[in-house]
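Novice: Just a sequence and a predicted model for now, questions to come.
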Amino acid sequence: MIFLLGTGAAALLFAGAAAAANAFFTRDMPISRMNSEDISIMQNAVFSTLDAARDGESRRWENPKTGAHGDLTPRSTFMDAGMRCRDLEIDNSAGGRNNRSIYTLCKGADGWKIR
């Protein structure tokens, strides 16, 4: 597992080499128009949504300073290998770019990770 939410979702948690490797794939995605504050707000909203929202309950994140925003909707919850997993629909917008993707994340001892 890697600690990021894929290129289609605007890659929430890029770090170092992972960010460089994925830069090509994200150049037309909202993440390419987000600053570090946008990403931090989105990341916190993702984890909060995964931890507390019911399936089908959408939560919105927004940075009023930049206009970046998105909607997060858990679609299903299930157990896999003893971990709580959720399918999360992520619909983000920033700088005129929009993207909607669905990712499966599982929560282990070290937090939520993409499956």
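Specialist: Nice, thanks for sending it over. Numbering: from 1, shown residues only.
Novice: Low-confidence ranges, this structure, go.
Specialist: Along the chain, the parts satisfying pLDDT under 70 run over 1-27.
Novice: quick one, strands of it?
Specialist: For the chain, strands defined by DSSP state E occupy the ranges 59-62, 69-80, 83-94, 97-108, 111-114.
Novice: Buried residues in the fourth one, which are they?
Specialist: Along strand 97-108, these residues count as buried under the neighbour rule (16 or more other C-beta atoms under 10 Å): Arg97, Asn99, Ser101, Tyr103, Leu105, Cys106. In short, each C-beta sits where N, CA and C put it, glycine included.
Novice: from memory the fifth one sits against Trp112, does it?
Specialist: Which is Leu105. Yes: here Leu105 reaches Trp112: they are 4.8 Å apart, a contact under C-beta atoms under 8 Å.
Novice: if I look at Thr104, how far off is Gly67?
Specialist: Separation of Thr104 from Gly67 (C-beta to C-beta, to the nearest Å): 29 Å.
Novice: what do you get for Asp80?
Specialist: From Asp80 across to Gly67, the span is 36 Å (C-beta to C-beta).
Novice: Same drill for the two, tell me which one is more crowded.
Specialist: Higher neighbour count among Asp80 and Gly67: Gly67, with 13 against 10, using other C-beta atoms under 10 Å.
Novice: give the contact list for that one.
Specialist: Shown in contact with Gly67 (C-beta atoms under 8 Å, 6 or more residues apart in numbering): Ala94.
Novice: do the one 4 residues further on as well
Specialist: By C-beta under 8 Å, 6+ apart, the contact list for Asp71 reads Ser58, Arg59, Arg60, Glu89, Ile90, Asp91.
Novice: check contacts around the nearest residue to Glu89 once chain neighbours are set aside.
Specialist: Closest residue to Glu89 apart from its sequence neighbours, by C-beta to C-beta, 6 or more residues apart in numbering: Thr73 at 4.4 Å. Counting by C-beta under 8 Å, 6+ apart, Thr73 makes contact with Thr49, Ala53, Gly56, Glu57, Ser58, Arg59, Leu88, Glu89, Asp91.
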